[in-house]
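**Student:** Structure for this input, please:
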Amino acid sequence: MKKSVFRMTVCLLAVFSLLMVGTFASQAEAAPKYRWKLAMTWPTNFPIFGDAVVKMADLVKEMSNGEMEIRIDSKNKHKAPFGILDMVKEGQYEMGHSASYYWKGKDRNTLFFTTMPFGMTAPEQYAWFYYGGGMELMKEVYDKHGVYSYPGGNTGNQMGGWFQKEIKSLDDLKGLKMRIPGFAGEILSKLGVVVTNIPAGELYTALDRGTIDALEWVGPSLDLNMGFQKIAPFYYTGWHEPATELQFMVNSKKFDALPKHLQKILEVSMEFAAYDMYARSYHESAVNLDKIATEYPNIKIKTFPKDVIAAMKVENKKLLKETSAKDPMFKKIYDAQTAYMKIVRRWTEISDYAYLKDNLDE
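**Tutor:** You can find the predicted model right below:
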């Protein structure tokens, strides 16, 4: 009897040991083998932009079965909202999330991969990226920086900005202090605007205190959360950013060192998060535009006068021509976008535009 009990005890201990070994092995397999860090330009808990980054990281973890995890650091932690490219390039962070046109001071050719004034709409631009040669041109530009760049979420057509006073003519632009980045900032500078670029977290205070007279941020999707409608009564429609695409950046050496299946998981997660952000931005803009009408009836939604738009177009063409003459790569991308836009815009005109034109009054 004692021997039977002893044997049973030994067997139970053996089974228990095997179960524990199996559990520890399972836990070891579930532990992430790849722990990456991502730096983003946006503040902690920033809606839509930051949410897209979280969605991407969650997808990577889930689809890799925990093999890969990505920690997200907001600008509140790394303190360098406009330093993302350098931090990813140098390997301080494996990944980043920002907007390509923030790097125009380092490389003007990065401008094209966010959006350009009077350029393509978001569906047109996505078609260009994935099927019209845009991804290949973006890779050519970013290769010299040791970074792979991917579409990181689109806001759709952005509004032209919040203004303390109405813009009735070109004279009203002269001396106006405005936050507006990218190529559009250069265009307005030619028209007498004093242009500056300020991080998102400082915009409300700058406008409220009169440090700036006007600003553009995104559109109803995010602008109401920022509170601009409380301090600026004029809200202008857009011209400068018809398809603002954010970007995911990945250190190329780190990416190349990943197993092939994790490379694919990362790419699919970025692409899904990017397009999901576009859908959400469209939804939130529609909802918040309705709020403006019902909750803030004092806000006047305006379109810039025709002579102002015409002057913007003239300066845009001049600047594109001048820069193309100085930079062969800039010319290559500009020519590629122009050629593609001629093709894709024909379809836009007889599909979406014709449909809306004939049905908006119903």
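**Student:** Tell me where the stretch 151-300 of the chain is predicted with low confidence.
**Tutor:** The stretch 151-300 of the chain contains no residues with pLDDT under 70.
**Student:** where do the strands sit along it?
**Tutor:** Counting by DSSP state E, counting those that start in this stretch, the segments of the stretch 151-300 of the chain that form strands are 161-163, 177-179, 194-196, 214-215, 234-236, 245-251, 300-302.
**Student:** of all these, which lies closest to Phe112?
**Tutor:** strand 245-251 (10.0 Å; CB to CB). Backbone N, C-alpha and C define where each C-beta goes, glycine included.
**Student:** residues making contact with the closest one?
**Tutor:** Contacts to strand 245-251, defined as CB atoms under 8 Å, 6 or more residues apart in numbering, come from residues 49, 52, 56, 84-85, 88-89, 91, 93-100, 113-115, 122, 125, 129, 142, 146-155, 266, 270, 274, 277.
**Student:** Where does Thr348 fall, secondary structure wise?
**Tutor:** helix 328-348 (DSSP states H and E).
**Student:** What helices and strands are in contact with that helix?
**Tutor:** Applying 3 or more CB pairs under 8 Å, 6 or more residues apart in numbering; DSSP states H and E, one finds that helix 328-348 makes contact with helix 122-131, helix 134-143, helix 306-326.
**Student:** Columns distance to Met226 and mean neighbour count on top of the ones you listed, output as TSV?
**Tutor:** Shown next, in TSV, are these (distance: least, CB to CB, whole Å; neighbours: other CB atoms under 10 Å):
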stretch	distance to Met226	mean neighbour count
helix 122-131	21	19
helix 134-143	29	18
helix 306-326	24	15
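**Student:** Format those helices as a markdown table; extra columns: mean pLDDT and distance to Trp347.
**Tutor:** Converted to a markdown table, these look like this (pLDDT from 0 to 100; distance: least, CB to CB, whole Å):
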| stretch | mean pLDDT | distance to Trp347 |
| --- | --- | --- |
| helix 122-131 | 98 | 9 |
| helix 134-143 | 98 | 17 |
| helix 306-326 | 98 | 23 |
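**Student:** how about these, which one is nearest Asn359?
**Tutor:** helix 122-131 (18.1 Å).
**Student:** care to break this structure down by domain?
**Tutor:** 32-155+243-283, 161-242+297-340 (automatic domain parsing).
**Student:** so Glu67 touches Arg35, yeah?
**Tutor:** No: the criterion here is CB atoms under 8 Å, and Glu67 misses it with Arg35 at 10.4 Å.
**Student:** Neighbour count for these two, which is higher?
**Tutor:** Glu67 (18 against 11; other CB atoms under 10 Å).
**Student:** closest to Ile350 out of the domains of the chain?
**Tutor:** Between Ile350 and the domains of the chain, the tightest spacing by CB to CB is seen for domain 32-155+243-283, at 13.6 Å.
**Student:** Endpoint to endpoint, that closest one covers what distance?
**Tutor:** 35 Å (CA to CA, to the nearest Å).
**Student:** what does stretch 210-227 give?
**Tutor:** One end of stretch 210-227 sits 15 Å from the other (CA to CA).
**Student:** one step back: quick one, which of the contacts of strand 245-251 are buried?
**Tutor:** Buried members of those, scored by 16 or more other CB atoms under 10 Å, are 49, 52, 56, 84-85, 88-89, 93-100, 113-115, 122, 125, 129, 142, 147-155, 266, 270, 274, 277.
**Student:** Out of those residues, which sit inside helices?
**Tutor:** Using DSSP state H, the members of these that fall in helices are 49, 52, 56, 84-85, 88-89, 122, 125, 129, 142, 266, 270, 274, 277.
**Student:** and which of those is nearest to Arg71?
**Tutor:** Using CB to CB, those come closest to Arg71 at Met56, 12.5 Å.
**Student:** And the helices and strands packed on helix 328-348: which comes nearest Asp208?
**Tutor:** Comparing those by CB to CB, helix 306-326 comes nearest, at 25.4 Å.
**Student:** tell me the contacts of the closest residue to Val287 other than its chain neighbours?
**Tutor:** Using CB to CB, 6 or more residues apart in numbering and skipping the chain neighbours, the partner closest in space to Val287 is Pro220 (7.8 Å). Taking CB under 8 Å, 6+ apart, we find Pro220 in contact with Met159, Glu284, Ser285, Ala286, Val287, Asn288, Leu289, Lys291, Ile292.
**Student:** How many neighbouring residues does the third one have?
**Tutor:** By other CB under 10 Å, the residues close to Ser285 number 23.
**Student:** which residues touch it?
**Tutor:** Listed by CB under 8 Å, 6+ apart, the contact set of Ser285 reads Gly156, Gly219, Pro220, Ser221.
**Student:** Out of those residues, name the two that are farthest from one another.
**Tutor:** Taking CB to CB as the measure, the contacts of Ser285 reach their widest spread between Gly156 and Pro220, a distance of 10.3 Å.
**Student:** Pretty sure Lys104 sits against Leu111.
**Tutor:** Yes: using CB under 8 Å, Lys104 makes contact with Leu111 at a distance of 5.2 Å.
**Student:** Common neighbours of those two, please.
**Tutor:** With CB under 8 Å, 6+ apart, Lys104 and Leu111 have common neighbours Gly182, Phe183.
**Student:** higher neighbour count, these two?
**Tutor:** Using other CB under 10 Å as the criterion, Lys104 and Leu111 rank with Leu111 on top: 24 against 18.
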